[in-house]
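Chemist: Next one to model:
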Amino acid sequence: MTAVIQVEGLHKRYRDADALADVSFSLERNAIHGLLGRNGAGKTTLMSILTAQNFATSGRVRVFGEDPYENPRVLSRMCFVRESQKYPDDAKPRHAFAAARLFFPNWDEAVAGELITAFQIPVERPIKKLSRGQLSAVGVVIGIASRAEVTFFDEPYLGLDAVARQTFYDRLLRDYSLHPRTIVLSSHLIDEVANLLERVIVLDGGRVVMDEDTDAVRDRAATIVGDAAAVDAFCADRDVLHRESLGRVASATVLGPLASEDRRALADARLEVSPVSLQEYIVRSTQRAAHVPAGVAQEGALR
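Modeler: Okay, here's the model as predicted:
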C-alpha cells in the first residue's frame, strides 16, 4: 500500500494549550479511515492542518509527497467537508454546487443530482435559511460528488435524522466501491460508522492513542457478566479495562482473546460473555488512559 498522507511529530499550540501534541501517522491510498475522539480531542484542528486551512506550530505534513500549504497541485486533489462551513449571506445550495463543479476536476454532476434528490435539498433557498440537517446534506453532496482523491468529512451527520444518515453511509460506500479514494471520516457515532472503516485513528487530548486496522481491534475485548465473585475470580489474572457492579452482579470488560478453555470456564461459572463494540472499546480505552493507571479497575453503577 502507498501512503498518501504522512504526518510526523505534529504539534499545534494555542496560547497556553496544546491542541495537538507529537502526532504521527500515515494514511494509505484508497481506504476509508476513521478519525475518532471526543469533543476537543483535536480532530478538526488536525484536518484543518492537513488541508492547509490552519498552521502547525511544529512538525511535518506531506500529502502526495508534498507540503499542502499554498500548493494547488495538492489542494485541488483534496476535499474538506467542514462541520462549520461558512457561505456568503446570499449563497444558495446551487451556488455551492456550481463552485464545487469548477474546483474539483473529478466532479460528477449525475451523482450530485441523485444526492440532491435523495436528501431533498431546496437548491434555491438561501443557505442561511437551511436547517442544520439540510446544511449538512449540502456538504455531503459536495464530499461525495467531488470524487476528490482525498476527502475529509468532519462530523458530516450533524442534524441528519437516522434515515438521512443511513442514506449518507450507503451512498458513500457505493460510490467508494465504484471509485476508490482515500476517505477520512470524523464521527462521534462510532458504532454507526464502524462497518465502513478499514482503519481507525483515535485522538485523545491531542495525542494519538490508537492507530490500527479495524479488523485488528475487533474481538480484542469481551464483557463478562454475572455473579460478582465469579466475575472477579475469572478476571483475577487478566487485564481489566472496565468494571461495574450493582449488588451481587458485576460486569467486567477484559482485554485479550478468549480461548476455548476460557469459554468453558465461563459456562461452568454461569457467566455470560459478549463482544465489545468498537465504540465501547474506544470509550473505555480512552477513559482508562485519561484517568486510571494501567491494571486498575473502575467501579460504577451497572447500566
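
Chemist: Walking through the stretch 151-300 of the chain, point out its helices one by one.
Modeler: Taking DSSP state H, counting those that start in this stretch, the helices of the stretch 151-300 of the chain run over residues 162-178, 190-193, 214-217, 228-234, 260-268, 278-291.

Chemist: possible to save the ones you listed as JSON lines with distance to residue 200, mean neighbour count and mean pLDDT?
Modeler: Quick note: C-beta positions are derived from backbone N, CA and C, even for glycine. Below are these laid out as JSON lines (distance: least, C-beta to C-beta, whole Å; neighbours: other C-beta atoms under 10 Å; pLDDT from 0 to 100):
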{"stretch": "helix 162-178", "distance to residue 200": "16", "mean neighbour count": "16", "mean pLDDT": "95"}
{"stretch": "helix 190-193", "distance to residue 200": "8", "mean neighbour count": "18", "mean pLDDT": "88"}
{"stretch": "helix 214-217", "distance to residue 200": "6", "mean neighbour count": "14", "mean pLDDT": "84"}
{"stretch": "helix 228-234", "distance to residue 200": "28", "mean neighbour count": "17", "mean pLDDT": "95"}
{"stretch": "helix 260-268", "distance to residue 200": "26", "mean neighbour count": "12", "mean pLDDT": "94"}
{"stretch": "helix 278-291", "distance to residue 200": "7", "mean neighbour count": "18", "mean pLDDT": "75"}
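
Chemist: quick one: which of those is nearest residue 100?
Modeler: helix 162-178 (15.0 Å; C-beta to C-beta).

Chemist: Which strands or helices does the closest one pack on?
Modeler: Under the contact criterion of 3 or more C-beta pairs under 8 Å, 6 or more residues apart in numbering; DSSP states H and E, helix 162-178 touches helix 109-118, helix 132-145, helix 190-193.

Chemist: contact partners of the longest one?
Modeler: Applying C-beta atoms under 8 Å, 6 or more residues apart in numbering, the external contacts of helix 132-145 come out as 79, 81-82, 85, 93, 96-97, 100, 107-109, 111-112, 115-116, 119, 121-122, 127, 130, 151, 153, 156-161, 164, 168, 171-172, 175.

Chemist: from these, which would you call buried?
Modeler: With burial judged by 16 or more other C-beta atoms under 10 Å, the buried subset of the contacts of helix 132-145 is 79, 81-82, 93, 96-97, 100, 107-108, 111-112, 115-116, 119, 121, 127, 130, 151, 153, 156-160, 164, 168, 171-172, 175.

Chemist: domain ranges for this protein?
Modeler: Domain assignment for the chain by automatic domain parsing gives 3-217, 221-291.

Chemist: rank these by pLDDT, which is bottom?
Modeler: Ranked on mean pLDDT, the bottom entry among the domains of the chain is domain 221-291, at a mean of 89.

Chemist: List the residues that contact residue 254.
Modeler: 221-224, 235, 238-241.

Chemist: and what of residue 231?
Modeler: Contact partners of residue 231, counting by C-beta under 8 Å, 6+ apart, are 224-225, 250-252, 271.

Chemist: Would you format the helices of the stretch 151-300 of the chain as TSV with distance to residue 73 included?
Modeler: Below are those laid out as TSV (distance: least, C-beta to C-beta, whole Å):
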stretch	distance to residue 73
helix 162-178	24
helix 190-193	31
helix 214-217	31
helix 228-234	57
helix 260-268	54
helix 278-291	35
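
Chemist: With that, I have no additional questions.
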